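Undergrad: give me a 3D structure for the following:
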Amino acid sequence: DMPLDQQVVLLRVLQDKMVTRIGDSKNIPVDVRIICASNKDLLEEVENGNFRQDLYYRLNVICITIPPLRDRKDDIALLMQHYLMKLGVAPIIMERIMNPAVMHCLARYNWP
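TA: Numbering: from 1, shown residues only. Next up is the predicted model:
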């Protein structure tokens, strides 16, 4: 939900590769890469006039779409194991946590 006036500023930075600090008049050269994410369909936002088309095409060089977890139920166990390991949970405790009843509940959950 970036206002259109801020979209213009971002587009100008991407095109000119220059930024100006607030309260300053001197342009500063920048060499940046932008990684951005949205939970909205930006092409639809462009069509509705909520997102600038020129900024959309400038940002949409590589698009990675990750389906929601509800469409990737097979990933639940892998993700759970990954985060339990990251938290430092001992393997014996992990086995207790990831029991069939818990996994069944997680698979049936209505994930967003």
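
Undergrad: thought Lys73 was touching Asn110, still the case?
TA: No: Asn110 is beyond contact range of Lys73, at 11.2 Å (criterion: CB atoms under 8 Å). Bear in mind the C-beta positions are built from the backbone N, C-alpha and C, glycine included.

Undergrad: those two: which has the busier surroundings?
TA: Neighbours were counted for Asn110 and for Lys73 using other CB atoms under 10 Å; Lys73 has more, 13 against 5.

Undergrad: the nearest residue to that one once chain neighbours are set aside: how many residues sit nearby?
TA: Of all residues not flanking Lys73 in the chain, Ala107 sits nearest, at 5.3 Å (CB to CB, 6 or more residues apart in numbering). Around Ala107 sit 12 other residues, with neighbours defined as other CB under 10 Å.

Undergrad: which strand or helix spans the spatially most central residue of the chain?
TA: Centroid check for the chain by CA atoms, centre = their mean gives Ala37 as the closest residue, at 3.5 Å. Per DSSP states H and E: Ala37 is located in neither a helix nor a strand.
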